[in-house]
Every structure is written in structure tokens, then in C-alpha cells.
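Asks: no sequence for this one, just the structure:
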């Protein structure tokens with residue numbers, strides 16, 4: 001909980017310190033980069049999911065996100081993530097997350113645009129075991145709140161098309177003992193990003 005408070009404190013600090021970045025660039029000869037109305041991104045995601053305290057499982061999957069920019073330095077992000085692990089007779093695991101929250105661009109929108117984010121929402125966990133011998137197939141699912149904070153960078157190769165990379169850290173609370181043993185999740189992802197200009 002302390003780590004979450006520190007993360008939100010840092011993001012609030014960024015929000016307070018960056019309004020000055022929203023002023024137009026008055027330097028001669030410099031062309032101001034227009035703030036896109038929307039940025040849409042999708043690609044590969046790797047999740048490290050804590051099965052038990054100190055025991056993690058690597059999962060591969062995908063992500064998709066949409067960011068609506070209110071200002072040059074502030075946007076609202078919606079993101080969906082799906083991650084999977086096939087362990088044969090030990091079962092298949094899938095985790096989905098549906099998250100919303102602010103995204104902060106401390107330097108505004110440029111060709112290279114770093115950002116930070118804090119997202120809150122819901123997670124869905126699924127586990128299924130195949131039929132083996134006399135044992136029938138089994139499946140289990142659960143849902144809980146989920147949150148994630150982190151940062152990343154968009155690098156535009158073209159006026160509207162670029163590469164997105166980000167990493168995050170967060171929590172889910174799946175299972176009957178979730179109040180005692182919440183799961184820590186780390187995520188890295190890379191994909192493509194496309195921006196839609198207001199002009």
C-alpha cells in the first residue's frame with residue numbers, strides 16, 4: 001500500500017509541475033508538435049504473475065490501449081490486457097485486465113514522448129485442467145480489482161505511426177486468501193502506436 005501511495009504521489013507531482021509545459025513554443029524557427037486527440041496502441045505483452053509469495057510465472061499475451069489527450073501533458077487512458085500460460089497436464093492459465101486512469105506526458109508530445117500512468121480497474125483469472133485418465137476436465141475462474149502504475153515511451157517513426165514500449169508494476173487479488181496473499185504483477189510490452197490529430 002505504501003508503494004501505491006508513493007506512485008500516486010509521484011504522478012500528482014508530475015501533474016503539478018508540468019502545466020508550464022502546455023505553453024506554446026515561442027522559439028524562432030521551431031515548429032511546435034501538435035497534440036494528438038487520440039493515440040491508439042497494440043502489441044505484445046509479457047506478464048510476470050506471482051502464483052504464491054515469492055513464486056512467479058511468466059505469461060505471454062497482448063495489450064490494446066486508447067489515450068484521449070485533454071492537454072498537451074495530460075490524457076485519459078483505457079487499456080485491455082490478455083496473458084496466457086499453457087502447462088499441459090498442469091493446466092492452462094489466462095488473465096485479463098480492464099484498466100482506466102490518467103496518463104501524464106511531462107515533456108508534452110514530441111517525436112520521442114515519455115509518459116507515466118496510473119490505472120485502476122478489474123482483473124479476471126481463469127484456470128483449466130484437461131481430462132486425464134479417470135479425472136474429468138476442471139475449470140476455475142475468479143475476478144478482483146486490479147491496478148497498475150508505470151511508464152513508457154512512444155517513438156514516432158512517421159508523422160502518425162510509431163513504436164510504443166512500456167513497463168508497469170501492480171496488484172491483483174484473486175483467490176479466497178487474497179486479503180492475506182495478493183498477487184504482484186509486473187508487465188513489459190512493446191507494440192505500435194498511431195496518433196489521430198485534431199487537425
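Replies: That came through, no problem. Since the model is a prediction, treat every value here as computed from it, not as a measurement. Residues are numbered from 1 along each chain as shown.

Asks: the chain: strands as residue ranges?
Replies: Counting by DSSP state E, one finds strands in the chain at the ranges 36-52, 55-69, 74-86, 92-104, 112-129, 138-156, 161-172, 183-197.

Asks: can you redo the ones you listed as a markdown table with mean pLDDT and mean neighbour count?
Replies: Every C-beta, even on glycine, is put in place using the N, C-alpha and C of the backbone. As requested, those are exported to a markdown table (pLDDT from 0 to 100; neighbours: other CB atoms under 10 Å):
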| stretch | mean pLDDT | mean neighbour count |
| --- | --- | --- |
| strand 36-52 | 89 | 18 |
| strand 55-69 | 90 | 17 |
| strand 74-86 | 94 | 18 |
| strand 92-104 | 94 | 19 |
| strand 112-129 | 93 | 18 |
| strand 138-156 | 92 | 17 |
| strand 161-172 | 94 | 19 |
| strand 183-197 | 92 | 18 |
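
Asks: which residue lies farthest from the center of this structure?
Replies: In the chain, residue 134 marks the outermost C-alpha relative to the chain mean, sitting 41.6 Å out by CA atoms, centre = their mean.

Asks: kindly list the main-chain dihedrals of that residue?
Replies: Dihedral angles phi and psi of residue 134 (degrees, to the nearest 10) take the values phi -90, psi 0.

Asks: confidence score at it?
Replies: On pLDDT, residue 134 comes in at 80.

Asks: got it, and residue 20?
Replies: Residue 20 is given a pLDDT of 40.

Asks: ok, residue 32 next?
Replies: pLDDT at residue 32 comes out at 62.

Asks: let me see the contact set for the residue farthest from the centre of the chain.
Replies: Not one residue lies near residue 134 by CB atoms under 8 Å, 6 or more residues apart in numbering.
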